[in-house]
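Participant: Structure here, sequence nowhere to be found:
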């Protein structure tokens, strides 16, 4: 019966359904009945949730942070770690969200749903059924490009029989596990942008399992049928089910063990590719969300060797910030292999600017950086004559930051870099950082008015950081301000006034920093000329 249900769901996916209807008894561990007695609703980590009183659990129904690339599914909400995911939410992450990875946290590394334990690995979400002792995938994020499938899972379908990877538009590389229960009906169908599928040594995946998965096939909308995808390579070992499947359907096949052969009679007559001069254009590349594939040049002395004649090139996923790898493998007259490492770093932050927010705070703004995991903010230390780190922002979607407890009327310089986390939790920073100069707002000028014959004398105290002062007056409460003077002094006398008439005065302090004028606050006072 389970196989029949899987087939129905797979066909529903093949012919365009975004989510198949599921039997209620299968889906109760993931989604709840509306009759459970909803207590309240709220939001947490971008999720909308409902809390059900009668059965004591929380259901996550929607995710509102559409632009997030890394999504944290909360493991505990309101002290409850029994959490379920709605079918709509699962469908959103698998087929619509741009997220490249989901993780569980931050309170615990797993959350529970009755007899299921949910946990993440390599950016995908899995469930462990404590009754059947089986592990199933739940979410393979729509934006994910490289999927390292967990070992010893039951299937590439979820527990209900629905494909979590089929029809993914962004998957370009899949690394299969050594052991898996089955692949599942249409589980690898419609992967139009697939570049490579790797099957490890002693992998238990058979020819029949691959036939059932429909690896390498997609919808042919013109002819209302299916067609082959010819752009991907099956990487496997001789005699494996994967090799038989590749040969049967005419897919490109890379036999790992043939390239690793240690036949001395043959190898002694070949040149080791590792002894050649191998180079790539540069050692550092910017993360763009797409696979980084540096050009490779291989030389034997002055002779430039030819790709697919003298050697082949294999690229690791090279999708994220950290260490990238390209492997050159000899063929023909050349044997052996050599890997070249390079750095993948975040792009430089653009649009960085600083604004006066108040007398004691400034606001920093910038454009978010694709692939970054956060930002480091720096403030220039005049005494040390260097920029010092003042904040680490771990949300890649954040595009502003406030700096508080500053002095009024003072110039500050700030810089920013994007960062990502590479191996061993090492921060990898963008190559350059933009700089922004800003002034905090000036204090309000304190001034006095002294009326005289047909005139008013205005006196004020100096304001910290002011480069000058602007004096204004108007002839009525709702009238328009007229500028009287701009001065560096601390007094001014307005003459030519009418005796007995009331006038309105104010004084603003100002300063200029990098061509930008910053004005202080102001108060209004009145005086009648004598």
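Facilitator: Alright, I've got the coordinates. Owing to the predicted nature of the structure, the values given are computational and were not obtained by experimental measurement. Residues are numbered from 1 along each chain as shown.
Participant: drop to CA atoms for contacts and neighbour counts, all remaining ones
Facilitator: Fine.
Participant: so who does the spatially most central residue of the chain touch?
Facilitator: Here the mean C-alpha position of the chain is nearest to the C-alpha of residue 69 (C-alpha atoms, centre = their mean), at a distance of 3.4 Å. Shown in contact with residue 69 (C-alpha atoms under 8 Å, 6 or more residues apart in numbering): 98, 99, 100, 101, 143, 371.
Participant: The fifth one contacts residue 100, doesn't it?
Facilitator: In other words, residue 143. Yes - in this structure, residue 143 sits in contact with residue 100. The criterion is C-alpha atoms under 8 Å, and the distance is 4.3 Å.
Participant: Please tell me how far the closest residue to residue 146 other than its chain neighbours sits from residue 65.
Facilitator: On the basis of C-alpha to C-alpha, 6 or more residues apart in numbering, the spatially nearest residue to residue 146 that is not a chain neighbour turns out to be residue 173, at 4.7 Å. When distance is defined by C-alpha to C-alpha, to the nearest Å, residue 173 is 26 Å away from residue 65.
Participant: More neighbours: the two, which one.
Facilitator: Taking other C-alpha atoms under 10 Å, residue 173 and residue 65 do not tie; residue 173 has more neighbours (22 against 14).
Participant: helices and strands of this structure: which one bottoms out on pLDDT?
Facilitator: For the chain, the helix or strand with the lowest mean confidence is helix 24-27, at a mean of 31 (criterion: mean pLDDT, DSSP states H and E).
Participant: now the nearest residue to residue 124 once chain neighbours are set aside: how far from residue 384?
Facilitator: With C-alpha to C-alpha, 6+ apart as the measure, residue 140 is the residue that lies nearest to residue 124, at 5.0 Å, once sequence neighbours are left out. Shown here: residue 140 relative to residue 384, a distance of 48 Å by C-alpha to C-alpha.
Participant: Mind checking which of these two has more residues around it?
Facilitator: With other C-alpha under 10 Å as the criterion, residue 140 and residue 384 differ in neighbour count, and residue 140 comes out ahead with 30 against 8.
Participant: Verify the stated contact: that one with residue 125.
Facilitator: Yes - Residue 140 is in contact with residue 125 according to C-alpha under 8 Å; the separation is 6.7 Å.
Participant: Kindly point out which residues are neighbours of both of those two.
Facilitator: If you check residue 140 and residue 125 against C-alpha under 8 Å, 6+ apart, no residue is contacted by both.
Participant: Now do the same contact list for the residue nearest to residue 124.
Facilitator: In this structure, residue 140 makes contact with 93, 94, 101, 123, 124, 125, 147, 164, 165, judged by C-alpha under 8 Å, 6+ apart.
Participant: Please repeat the previous calculation with a cut-off of 10 Å.
Facilitator: By C-alpha atoms under 10 Å, 6 or more residues apart in numbering, the residues touching residue 140 are 90, 93-95, 99-102, 122-126, 146-147, 149, 163-166, 168, 171.
Participant: For it, give its distance to residue 273.
Facilitator: Distance of residue 140 to residue 273, computed by C-alpha to C-alpha: 37 Å.
Participant: go on, residue 528?
Facilitator: Computed as C-alpha to C-alpha, the residue 528 to residue 273 distance reads 95 Å.
Participant: Could you check which of these two has the larger neighbour count?
Facilitator: Remark: of residue 528 and residue 273, residue 273 carries more neighbours, 23 against 20, as counted by other C-alpha under 10 Å.
Participant: quick one: low-confidence parts of this protein?
Facilitator: Low-confidence segments of the chain, defined by pLDDT under 70, span residues 1-40, 259-269, 423-424.
Participant: who's in contact with the residue in the chain sticking out farthest from the centre?
Facilitator: Ranked by distance from the centre of the chain (C-alpha atoms, centre = their mean), the top residue is residue 453, with 69.7 Å. Residues counted as contacts of residue 453 (C-alpha under 10 Å, 6+ apart) are 495, 496, 497, 498, 499, 500, 528, 529, 530.
Participant: rerun at 6 Å
Facilitator: residue 530 (C-alpha atoms under 6 Å, 6 or more residues apart in numbering).
Participant: and the gap between it and residue 221?
Facilitator: Distance from residue 453 to residue 221, counting by C-alpha to C-alpha: 92 Å.
Participant: start to end distance for stretch 488-495?
Facilitator: Counting by C-alpha to C-alpha, the length from the leading to the trailing residue of stretch 488-495 is 19 Å.
Participant: buried stuff in stretch 349-356?
Facilitator: 349, 352, 353, 354, 355, 356 (16 or more other C-alpha atoms under 10 Å).
Participant: now do stretch 85-97
Facilitator: For stretch 85-97, the buried set under the neighbour-count rule, 16+ other C-alpha under 10 Å, comprises 85, 86, 87, 89, 90, 91, 92, 93, 94, 95, 96, 97.
Participant: Then stretch 354-370?
Facilitator: Within stretch 354-370, the residues that qualify as buried are 354-366, 368-370, counting by 16+ other C-alpha under 10 Å.
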